[in-house]
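> Mind folding the following:
(2 chains)
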Amino acid sequence: MNKQEIIEKINTALAEEFEIEIAAITPEAPIKETLDLDSLSLVDMVALVETVSGVEIKGTDVVSIKTFENLYNFIEERLLEQE
Amino acid sequence: MKRRVVITGLGIYSCLGKNLTTVCNSLYNGTSGIIFDRTRKDMGFRSGLTANVEIPDLKGVLSRNQRVYIPEQGLYAYVATAEALEQARLTQDYIDTHEIGLLYGNDSSAEAVMNSIDIMREKKNTTLIGSGGIFKSMNSTVTMNLACIFKMKGINLTISGACASGSHAIGLGSLLIRWGLQDCIVCGGAQEVNPYSIGSFDGISAFSVREDDPTSASRPFDRDRDGLVPGGGAATVIIESYESAVQRGAPILAEICGYGFSSNGDHISVPNVDGPSRSLQMAIREAGIHLRDIGYVNAHATSTPVGDRNEAKAIANVFGDYRPEVTSTKSMTGHEMWMAGASEVIYSMLMMENDFVAPNINFENPDEDSAKLNIPAKRVDKHFDMFLSNSFGFGGTNSTLIIKNIIHKKS
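Just a heads-up that it's a prediction; the model follows:
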């Protein structure tokens, strides 16, 4: 999965699950505010990303993932490590 | 000082309809809500019979998070409660500024538990269960969800009393109001309909296997009954002190005048005659009424051989030579279990409001004990002002409610 495929897959899944317009998801947008996440729905975001990408996000990783760009890069790096 | 307890709102979502009007029409016409479900047979069920209840789509009504936390039976309960609140004229403003309680009957949330465990077993990862798993799985799931959605601030409690849960919820709520601890409580009962919730019940051969004719399968009191048919949905009954209802200008639909309860102290699944008899007698005693004031008895009768026989004996013992109409609405709905005690109060209320007794459909031949009761297989058009409703459950828990008509109706 290249970066563009990651972006498309993740954006589609998140927009559908959190019921927002896909256009609201931009690379620099803050994830929590854009998806209106609280401490519980943050768990659903992590679970969804894991299911869609196959990349596990640990609690310590979540802290550093602020924007969607951070998220795409995190997934891309982990997938490259797995290859 | 004991206060009077009245009913000011009703809401129903069942196999007979998705609101009070359609349910009333089904009762009036003796329409069954039972179907045959092939998927249950493919899952290894002995009986593929079930009530036909559609899961409501509440996207656009509840937020994404609210829908993630609420299980199937909670969705039914939401729809029923919204209808009841509207009838009772309980606005969000009023709920926000008063201590409205919530006592709902529920005794399982099997599908949610199963889904969480399936993920744990398959993925070895608890995060993947998601945030809704815990809130959907707990027995108190219905009250925890409704209390947060409607922002209720009074008592917030689930009543788990097996197939008498809904009845006990109303009865216990009436005691809290009678003794001045609450002014208004949203009561009710909810029952999941998915096959996972009742597979183990099917496994003990409790269900009818008359699959060739689903609408005739549930036949309470009939000589040839062969077991119950599982049903479900949700029913909400809003109860209130008389003073509170008058002060709010709420429609006063009826008065709860008696609540009786007992435990059989006997077998886990086989009911006896003594326990239910004591529940009936206590309700009558608490109501302070004469037996002949009761114009209709809504029986618990589920269509099982022993249960119906022993309830018939108990009713005959208590009522003696007075024989009001006795019917089991489970002949049309199947057994709505945790919901039944509340839904059957609503079914009886609809009959009392509209001057009829719904038929005990499929009652063709009595057995030795049901022959002692006045069980109409056809609708009876009659006026009555008081009814008694029985609910009994596994473990020998019994609940009886007596409810009477009241003049103070506001258009």
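
> gap between stretch B:250-265 and the chain center?
Chain-centre distance of stretch B:250-265: 13 Å, with CA atoms, centre = their mean, to the nearest Å.

> List, one by one, the residues from chain A near chain B.
Contacts of chain A with chain B, taken as CB under 8 Å from any CB of the partner chain, map to A:17-19, A:38, A:40-41, A:43-44, A:46-47, A:50-51, A:56. Any C-beta I mention is one placed from the backbone N, CA and C, and that applies to glycine too.

> what about 7 Å?
A:18, A:19, A:40, A:41, A:43, A:44, A:46, A:47, A:50, A:51 (CB under 7 Å from any CB of the partner chain).

> What's the nearest residue in chain A when you look at chain B?
In chain A, the residue found nearest to chain B is residue A:40; the distance is 4.0 Å by CB to the nearest CB.

> Report pLDDT for residue 82.
Reading this off chain A. Reported pLDDT at residue A:82 in the predicted model: 85.

> Actually, chain B is the one I wanted.
98.

> Excluding chain neighbours, give the residue nearest to it in space.
Excluding the flanking residues, the one nearest residue B:82 by CB to CB, 6 or more residues apart in numbering or on different chains is residue B:11, at 6.8 Å.

> Columns secondary structure, pLDDT and neighbour count on top of the residues of chain A next to chain B, output as CSV?
Output for these, formatted as CSV (DSSP: H, G, I helix; E, B strand; the rest coil; pLDDT from 0 to 100; neighbours: other CB atoms under 10 Å in any protein chain shown):
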residue, secondary structure, pLDDT, neighbour count
A:18, helix, 98, 19
A:19, coil, 97, 14
A:40, helix, 96, 15
A:41, helix, 97, 20
A:43, helix, 96, 20
A:44, helix, 97, 23
A:46, helix, 97, 22
A:47, helix, 97, 21
A:50, helix, 96, 17
A:51, helix, 95, 13
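
> Pick out the most distant pair among these.
With CB to CB as the measure, no two of the residues of chain A next to chain B lie farther apart than A:19 and A:50, at 20.0 Å.

> Against residue B:99, how distant is the residue of the stretch 151-300 of chain B found nearest chain A?
Closest contact between the stretch 151-300 of chain B and chain A, by CB to the nearest CB, is at residue B:151 (17.0 Å). Note on residue B:151: its distance to residue B:99, by CB to CB, to the nearest Å, is 12 Å.

> Look at those two and report which has more neighbours.
Taking other CB atoms under 10 Å in any protein chain shown, residue B:151 and residue B:99 do not tie; residue B:99 has more neighbours (14 against 11).

> The residue of the stretch 151-300 of chain B closest to chain A reaches residue B:96, doesn't it?
Yes: in this structure, residue B:151 is within contact of residue B:96 by CB atoms under 7 Å, at 6.2 Å.

> after the lowest-mean-pLDDT helix or strand in chain A, next one along is what?
Here the helix or strand of chain A ranked lowest by mean pLDDT, DSSP states H and E is helix A:59-64, holding a mean of 91. Downstream of helix A:59-64, the first helix or strand assigned by DSSP states H and E is helix A:68-82.

> Residue B:4 is in contact with residue B:174, correct?
No: judged on CB under 7 Å, residue B:174 makes no contact with residue B:4 at a distance of 9.9 Å.

> can you map out the helices along the stretch 151-300 of chain B?
B:165-178, B:199-202, B:242-248, B:274-287 (DSSP state H, counting those that start in this stretch).

> Show the average pLDDT along the shortest one.
Looking back up the chat, that one is helix B:199-202. Rounded mean pLDDT across helix B:199-202 is 97.

> what does that helix contact?
B:45, B:46, B:47, B:230 (CB atoms under 7 Å, 6 or more residues apart in numbering or on different chains).

> List the contacts of residue A:76.
Contacts for residue A:76 were tallied using CB under 7 Å, 6+ apart; they are A:3, A:6.

> Can you list the neighbours in contact with the least confident helix or strand of chain A?
With CB under 7 Å, 6+ apart as the criterion, helix A:59-64 contacts A:46, A:70, A:74.

> Stretch B:315-330 too?
For stretch B:315-330, the surrounding residues in contact (CB under 7 Å, 6+ apart) are B:27, B:218, B:220-221, B:273, B:277, B:280-281, B:291-292, B:294-299, B:301-303, B:344, B:347, B:357-360, B:372-376, B:380.

> what's the answer for stretch B:30-39, then?
B:14-16, B:48-52, B:211, B:214-215, B:217-218, B:229, B:332-334, B:358-359, B:361, B:379.

> Name only those of these that count as buried.
With burial judged by 16 or more other CB atoms under 10 Å in any protein chain shown, the buried subset of these is B:14-16, B:48-52, B:211, B:214-215, B:217-218, B:229, B:332-334, B:358-359, B:361, B:379.

> okay, and for chain A, where does confidence drop off?
Scanning chain A for pLDDT under 70 picks out nothing.

> how about the residue nearest to the spatial centre of it, what does it touch?
Nearest to the centroid of the C-alpha atoms of chain A, with distances taken as CA atoms, centre = their mean, sits residue A:71, at 4.9 Å. Going by CB under 7 Å, 6+ apart, residue A:71 touches A:10, A:31, A:65.
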